[in-house]
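A.B. asks: coords please:
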Amino acid sequence: MNVALPYTRFQLANGLDVIVHEDHRLPLVAVNLWYRVGSGHEVPGPTGFAHLFEHLMFEGSAHVPAGAFDTLLEGVGGSNNGSTSTDRTNYWINAPASALELALWLESDRMGFLLETMDQHKLDVQRDVVKNERRQSYENQPYGLAWETVMGNLYPAGHPYHHPVIGSMADLEVATLEDVRRFFRTWYAPGNASLAIAGDVTVERARALVERYFAEIPAGSPPPPVEPARNELQRACGLVLEDRVQLARLHLAWHSSEHYTDEDAALSLLAQLLTDGKSSRLYRRLVYDEQCAQDVTAWQNGALRGGTFEIEITAKPDGGLAELDDAVREELGRVARDGVGADELARAVAQLEAGFVQSLERVGGFGGRADQLNEYAVFTGDPGYATEDLERHRRVTPEQVAEAARRRLLDAHGVVLSVVPEGRRELAAESR
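C.D. replies: Next up, the predicted model:
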């Protein structure tokens, strides 16, 4: 299976990295811009700024009035969105090929001229929007505080991944206009960005338009370097969170490998073997055979400064979480002791390949070709890493999966979080 993504790459004098992928089958174009800043680049105190800017970037710049960004794109049949993670912030535009110049002008104006219209009113409005988002998605959402609780205990205070991407209410409340301006000047510069253009466009036209709209934006000062962080739990952490829910839910989390390593690939395949599909080990056992769980999912989340391996299981009504925890550790023990079959591993690789190829059918949007080229460029330095990315999964052996399960999960301390209905602490699992 060939998943190579042909591209041309060049860099402007101000440091902007540009990647162009030609696909002339449809008259569509995707403009995808990544900034190398996420919540993991924030210092303790002013958290939530990376996500706050995901909102502020749509509120107008020097030559684009507030609200016009969306209106102009919708007027030509385009769409746009953005997202923030621990390690990056991305923005994308999907539009007809004839609207490429408009898309690049819009992106360049907010990169180069956002601060010219940044004022206290905009900050106050978007701060309230983010605070309301936090209430809806975290504080008033069933199980909404689980992930924040897990990560806050898996990573110690001061670690870049300790706080949630959305930040804290207290930090958002005290953020000043100068704090926001300083954050933008530090991170939102051409030299800290990667621009991918994919679709019905030639390299020559893309280069000419990028030069026209981005070349005069000042490079800015180099941002602070990303410092390595220590990821290790000294002891097991057992937590109980009472919530307004009907069913108890178990969250298990361990430190794991950073992204794009061989161990990261082995753990990704382990997650699939455990919970992806009705025949997977934990799904078959807990949902079908023993019928003690409503659902179960596992994932490996490799990141820039380390990763996490997580398992989440929702119990049946009145079901306790201790037996679910026992079952997970039994299955992990079987993997570590007996390994996995070659056919079982091959199926997991095939499932991963199918999902990957399906995402690349789209030229734009989250996970589309433009987004994938940028991810590889930012995190591996090679926009064309797609082939190697699949190969590192194909190279994984049953022995590597077993070793990853033993070293990262069975022999390591982790976080055990039991989310239980209010007043039902007896349903919780014990610390391990």
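A.B. asks: how about whichever strand or helix holds Asp124: buried residues?
C.D. replies: Under the criterion of DSSP states H and E, Asp124 resides in helix 120-134. Neighbour counts over helix 120-134 (16 or more other C-beta atoms under 10 Å) mark Lys122, Leu123, Gln126, Arg127, Val130, Lys131, Arg134 as buried. For the C-beta atoms, the positions are set from N, CA and C on the backbone; glycine is no exception.
A.B. asks: tell me the two of those that are most distant?
C.D. replies: Pairwise distances across the buried residues of helix 120-134 peak at 18.6 Å for Lys122 and Arg134 (criterion: C-beta to C-beta).
A.B. asks: I'd like the next helix or strand past the helix holding Asp124.
C.D. replies: helix 146-154.
A.B. asks: Next, the angle helix 120-134 makes with that following helix.
C.D. replies: With axes from the mean of the first three to the mean of the last three C-alpha atoms, to 10 degrees as the basis, helix 146-154 and helix 120-134 are set at 90 degrees to each other.
A.B. asks: Now do helix 146-154: distance to the chain's middle.
C.D. replies: Distance, stretch centre to chain centre, for helix 146-154: 16 Å (C-alpha atoms, centre = their mean, to the nearest Å).
A.B. asks: That helix - contacts with which helices or strands?
C.D. replies: On a contact count with 3 or more C-beta pairs under 8 Å, 6 or more residues apart in numbering; DSSP states H and E, helix 146-154 meets strand 237-243, strand 249-256, strand 307-315, strand 414-421.
A.B. asks: Direction included, what does the last one pair up with?
C.D. replies: Strands adjacent to strand 414-421 in the sheet, as given by DSSP bridges, are strand 237-243 (parallel), strand 249-256 (antiparallel).
A.B. asks: which residues are in contact with it?
C.D. replies: 143, 146, 149-150, 153-154, 233, 236-255, 321, 325, 427-432 (C-beta atoms under 8 Å, 6 or more residues apart in numbering).
A.B. asks: Could you pull out the strands in this protein for me?
C.D. replies: 8-11, 17-22, 28-35, 79-84, 89-96, 193-199, 237-243, 249-256, 293-301, 307-315, 414-421 (DSSP state E).
A.B. asks: hey, which of the ones you listed is tucked in deepest?
C.D. replies: Sort the strands of the chain by mean neighbour count, taking mean count of other C-beta atoms under 10 Å, and strand 193-199 sits at the top with a mean of 28.
A.B. asks: packing partners for that one?
C.D. replies: Strand 193-199 packs on strand 17-22, strand 28-35, helix 100-113, helix 203-214, helix 369-380, going by 3+ C-beta pairs under 8 Å, 6+ apart.
A.B. asks: Good, we can wrap up now.
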